[in-house]
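For reference, the sequence and a predicted model appear below.
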Amino acid sequence: MTSNLLETAPRPLLAFVRLGRPKFLFQSMLVVAAGVTIAVHSGHQASLGWYLVTLLFAWCTHLMTHYCNEYFDLEADRANAAPTSWTGGSRILVGGHLRPEVSLGAAFVLLFVGVLLLALLPSLETRLVATAIIALAWLYTAPPLRLNYHGLGEVSCALVLYGLGPLLACVVQAGTIDTAGLGYVGVLFVFQFLRMAIMNLSDIEGDRATGKRTLAVLLGAAGLVRLFAAGQLVGYAAIALLLVTGVIPVSAGLLMLATAPVPIWVTRQLTTGALAEPRRANAVTFWASMHMPLTSSSIIVGLLVDLGVHGGRLWQPWLAVVGATFLIFGTWLVRAAQTNRAGAPSPAG
């Protein structure tokens, strides 16, 4: 038995990488790209230098959150008897492959690097936004607030990644954000809030056992599924309203609406007990997660199409960055979807 465990245990470096769950970095990569594209669509030329600074800050903060969560969520993760490839943590600390202090140490190093990157940002406004991102990300599971233990984790995560994230990327480039940009950010915030609610629903038993009061624990499974379904209706109704009132261009609005089959499928699975079956639970949490980068991608493509159709200036280097981003994400998504269908662990884990 011990021999088998040693043979299957990941090497320390690989274990450390898996501990940070890098597959989720596609979310922040596309968030930053969406924010920059919003700025480009509003008439500003993208600065690749500031894009790289913003992306590094987003990735650093995102990884910091993961390492921090792994340490402070260890008790809840140990109590989770039914993790998926997308929920329940990396299982590296639970499996004893690394000491918990390694995760906390990595989180502090990334916190320090994030503060250094924050200091490089171009204005007081952007530095204040970045400060809020770091503070909320750290306090998501860390004392003294431990937001995800008091029914505030879903809203704080949505605010950090899909609220303040694209806002920061846009304001770094443009110095401001227009009404349409706020509309995109608002829709992304709502969808991420709902996505996090579903992720926590998958972890409900372990969370309940350890006193972690997520929305899933507070509302119960049936209540949370109703919230998810109603919230999706509100989000897509908002997109339709922004479209018919001309706040957002037709191309962006239609592409955002085209993502609706994903949450419809997730809702159907939730109402038929998918989370009680490991393979179906993995598929639900996978597609609930992928709804977010797909929505970000629809905004990016829709805005660039609108610029092209109406003769707007498309800065070629930014198109190359977007193309490379989609190539990397698309390649990974195809592999991850294939693995998900096969019921195997994610190849990007």
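Here it is on my side, so go on.

now the helix or strand harbouring Ala180, how far from the chain's geometric center?
Counting by DSSP states H and E, the element that carries Ala180 is helix 179-202. The chain centroid and the centroid of helix 179-202 are separated by 9 Å under C-alpha atoms, centre = their mean, to the nearest Å.

Kindly report the same for stretch 229-240.
Here stretch 229-240 shows a centroid-to-chain-centroid distance of 19 Å under the convention C-alpha atoms, centre = their mean.

Please work out the average pLDDT along it.
Per-residue pLDDT values across stretch 229-240 average out to 98.

Give me the buried positions along that stretch.
For stretch 229-240, the neighbour count (16 or more other C-beta atoms under 10 Å) marks 229, 231-232, 235-236, 239 as buried. C-beta: built from backbone N, CA, C; applies to glycine.

Report the next helix or strand after the helix holding Ala180 in sequence order.
Tracing the chain past helix 179-202, the next element assigned as helix or strand by DSSP H and E is helix 204-209.

If we go by neighbour counts, what in that following helix is buried?
Using 16+ other C-beta under 10 Å as the test for burial, helix 204-209 gives 204, 206-207.

what about it, distance to the chain center?
22 Å.

Now find how far off-centre whichever helix or strand comes after that helix is within its chain.
Moving toward the C-terminus from helix 204-209, the first helix or strand encountered (DSSP H and E) is helix 215-244. Relative to its chain's centre, helix 215-244 lies at 17 Å (C-alpha atoms, centre = their mean).

by how many degrees do the helix or strand following helix 215-244 and helix 215-244 diverge?
The helix or strand immediately downstream of helix 215-244 is helix 250-257, counting by DSSP H and E. Between the axis of helix 250-257 and that of helix 215-244 there is an angle of 150 degrees, by axes from the mean of the first three to the mean of the last three C-alpha atoms, to 10 degrees.

mean confidence for helix 250-257?
98.

Packing partners of that helix?
Applying 3 or more C-beta pairs under 8 Å, 6 or more residues apart in numbering; DSSP states H and E, one finds that helix 250-257 contacts helix 215-244, helix 278-309.

If we use 10 Å, what do you get?
When contacts are defined as 3 or more C-beta pairs under 10 Å, 6 or more residues apart in numbering; DSSP states H and E, helix 250-257 packs onto helix 25-41, helix 179-202, helix 215-244, helix 278-309.

most packed of the ones you listed?
helix 25-41 (a mean of 26; mean count of other C-beta atoms under 10 Å).

Report the buried residues of whichever helix or strand comes after that helix.
From helix 25-41 onward toward the C-terminus, using DSSP H and E, the following helix or strand is helix 48-72. Of the residues in helix 48-72, those buried by neighbour count under the rule 16+ other C-beta under 10 Å are 50-51, 53-55, 57-72.

Specify the angle between helix 48-72 and helix 25-41 in degrees.
If you take the same axes, to 10 degrees, helix 48-72 sits at 150 degrees to helix 25-41.

From the contact counts, what lies against the next helix or strand after helix 48-72?
Toward the C-terminal end, the helix or strand that comes next after helix 48-72 (DSSP H and E) is helix 74-79. Using 3+ C-beta pairs under 10 Å, 6+ apart as the contact criterion, the neighbours of helix 74-79 among helices and strands are helix 48-72, helix 204-209.

right, so of these, which gets closest to Phe191?
helix 48-72 (17.5 Å; C-beta to C-beta).

what's the closest one packed up against?
Secondary-structure packing of helix 48-72 (3+ C-beta pairs under 10 Å, 6+ apart): helix 12-19, helix 25-41, helix 74-79, helix 100-120, helix 124-138, helix 165-174, helix 316-342.

Take those and lay them out in TSV including distance to Leu152.
Supplementary listing: these in TSV, determined by distance: least, C-beta to C-beta, whole Å:
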stretch	distance to Leu152
helix 12-19	25
helix 25-41	20
helix 74-79	16
helix 100-120	20
helix 124-138	10
helix 165-174	18
helix 316-342	30
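
right, so of the ones you listed, which gets closest to His291?
Set against His291 and scored by C-beta to C-beta, the helices and strands packed on helix 48-72 come closest in helix 25-41, at 10.6 Å.

got the angle for the closest one vs helix 316-342?
Per the same axes, to 10 degrees, the angle that helix 25-41 makes with helix 316-342 is 150 degrees.

counting contacts, what elements does helix 25-41 pack onto?
The contact analysis (3+ C-beta pairs under 10 Å, 6+ apart) places helix 25-41 against helix 48-72, helix 165-174, helix 179-202, helix 250-257, helix 278-309, helix 316-342.

With only the CA atoms kept, save that helix in CSV.
Presented in CSV, the C-alpha positions along helix 25-41 are these (Å, rounded to 0.1, in the frame of the first residue of the first chain):
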residue,chain,number,x,y,z
LEU,A,25,-5.5,31.2,-15.0
PHE,A,26,-7.3,31.2,-18.3
GLN,A,27,-10.1,33.0,-16.6
SER,A,28,-8.0,36.0,-15.5
MET,A,29,-6.1,35.9,-18.9
LEU,A,30,-9.4,36.4,-20.8
VAL,A,31,-10.7,38.9,-18.2
VAL,A,32,-7.7,41.2,-18.9
ALA,A,33,-8.0,40.7,-22.6
ALA,A,34,-11.7,41.7,-22.4
GLY,A,35,-10.9,44.8,-20.4
VAL,A,36,-8.3,45.9,-22.8
THR,A,37,-10.6,45.3,-25.8
ILE,A,38,-13.3,47.4,-24.1
ALA,A,39,-10.8,50.2,-24.0
VAL,A,40,-9.8,49.7,-27.7
HIS,A,41,-13.4,49.7,-28.8
